[in-house]
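Asks: Give me a model of this one.
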Amino acid sequence: MRVELHDVVKGRRGAALPATSLAFDDSGPRIAHAETEQRPTVLGLIASGRMKPDAGRVLIDGTDDRRALRRRVSLVDAPDVSDPAPNVWVSGVTAEELMFAGRPAHPLAVRRWLDEAGFGALWRTPIADVEPRERISLLLELTALRAGVDGIVLVAPDRHGGDPLEWWRLAEDFSGRGFAMLVIAGEASATVLDGRALRAEHGARDAADPRERADAAVSPGGVAPGEPDAGSADGADDEADIEIPPADTPEPAAEPETEQAPAPASAPEPEPAPEPEQGPAPESAPAPEPEQAPAAEPAPQRYTHPEEGAR
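Replies: This is a model prediction of the structure:
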């Protein structure tokens with residue numbers, strides 16, 4: 001299987017994804033670099049047939065068939081689209097993927113599959129706490145269980161940290177198992193893998209000869225003129241739920257500045273009511289002095305006549 005993107009553009013003036021050309025097939029894993037928070041997911045959605053570009057062409061085996069592209073290419077760990085919720089246990093993630101693969105998804109079947117695949121120790125571990133290599137390996141193994149999947153687009157594995165060589169070895173392993181592998185990562189990881197991971201020359205490529213070999217790469221240039229993609233009959237029913245302004249949306253006109261009326265002056269604060277004047281405090285009447293009893297008059301002395309004494 002071979003997938004080709006030719007001058008695909010998304011968003012007004014290519015803000016979400018500038019003109020991009022790449023190709024990947026089952027002859028070996030390919031790496032594409034995409035920066036910004038949203039661009040890796042947008043590129044993954046377009047490469048897997050889950051989002052229609054505003055310009056350019058997406059071909060699978062030389063044919064414009066988005067329905068076949070969605071059916072045969074799986075999108076793995078794309079932020080806000082196909083990545084598991086961070087607080088979900090590994091057992092919950094596994095049960096959901098087993099159900100999508102048409103396999104038994106009860107707890108016993110989940111535990112058995114995890115043990116056989118070498119992930120039994122992660123049974124009760126939240127997926128956000130799983131080491132980068134084990135997380136990516138688990139998600140790829142679960143994706144490979146789905147019938148009819150011939151290609152895998154792995155989005156931004158470098159955002160989890162770790163050594164890029166670890167997840168690139170996983171991409172090589174799954175490519176060796178017959179899957180067409182495309183890994184979308186940042187430029188820093190692509191530089192680390194330079195010399196081992198295959199990357200294409202920049203710029204658009206002619207799609208006239210689908211047998212021409214092209215390595216996966218993202219063109220860093222601005223918007224290039226591309227042919228509009230008519231899309232498939234099912235249209236936008238399966239479009240990813242990401243809000244991206246369409247390319248033909250005019251920029252909003254700047255609103256004229258209106259003079260603002262001056263704010264009304266604040267009313268003066270009312271003066272406090274005058275406090276009533278208080279008269280001088282009445283002088284307290286002096287306490288009456290206690291009346292002293294008149295001193296007792298001395299008893300009259302008896303007068304003795306001198307003659308009486310002589311008697």
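Asks: now the helices for this protein?
Replies: 39-47, 66-72, 90-100, 107-117, 132-143, 164-176, 187-192, 306-310 (DSSP state H).
Asks: and of these, who's closest to Pro79?
Replies: The closest of the helices of the chain to Pro79 is helix 39-47. By CB to CB, the value is 5.4 Å. The way it works is simple: take the backbone N, C-alpha and C, and place the C-beta from them, glycine included.
Asks: quick one on the thing from earlier: need the winner for burial among the helices of the chain.
Replies: Highest mean neighbour count of these: helix 39-47, a mean of 26 (counted as mean count of other CB atoms under 10 Å).
Asks: which strands and helices sit next to it?
Replies: strand 2-10, strand 17-25, strand 73-76, strand 151-155, strand 180-185 (3 or more CB pairs under 8 Å, 6 or more residues apart in numbering; DSSP states H and E).
Asks: make it 10 Å
Replies: Packing partners of helix 39-47 (3 or more CB pairs under 10 Å, 6 or more residues apart in numbering; DSSP states H and E): strand 2-10, strand 17-25, strand 30-33, strand 55-60, helix 66-72, strand 73-76, strand 151-155, strand 180-185.
Asks: quick one on the thing from earlier: and the helices of the chain, which one averages the lowest pLDDT?
Replies: Lowest mean pLDDT of these: helix 306-310, a mean of 45.
Asks: follow-up on the earlier one: let me know which of the helices and strands packed on helix 39-47 is the nearest to Asn87.
Replies: Across those, Asn87 has its closest neighbour in strand 73-76 (19.6 Å, CB to CB).
Asks: partners of that closest one, with directions?
Replies: In the sheet, strand 73-76 lines up against strand 151-155 (parallel) (DSSP bridges).
Asks: Could you export the helices and strands packed on helix 39-47 to a markdown table, including columns for distance to Pro84?
Replies: Shown next, in a markdown table, are these (distance: least, CB to CB, whole Å):
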| stretch | distance to Pro84 |
| --- | --- |
| strand 2-10 | 25 |
| strand 17-25 | 24 |
| strand 30-33 | 23 |
| strand 55-60 | 27 |
| helix 66-72 | 20 |
| strand 73-76 | 11 |
| strand 151-155 | 13 |
| strand 180-185 | 18 |
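Asks: Looking at those, spot the one closest to Leu142.
Replies: strand 73-76 (8.9 Å).
Asks: hmm, back to that, got TSV for the helices of the chain, with distance to Ile31 too?
Replies: Formatted as TSV, these follow (distance: least, CB to CB, whole Å):
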stretch	distance to Ile31
helix 39-47	12
helix 66-72	20
helix 90-100	25
helix 107-117	26
helix 132-143	14
helix 164-176	8
helix 187-192	6
helix 306-310	160
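Asks: Relative to Ser27, tell me which of those helices wins on proximity.
Replies: The closest of the helices of the chain to Ser27 is helix 164-176. By CB to CB, the value is 8.0 Å.
Asks: now that closest one and strand 17-25, what's the angle there?
Replies: 50 degrees (axes from the mean of the first three to the mean of the last three CA atoms, to 10 degrees).
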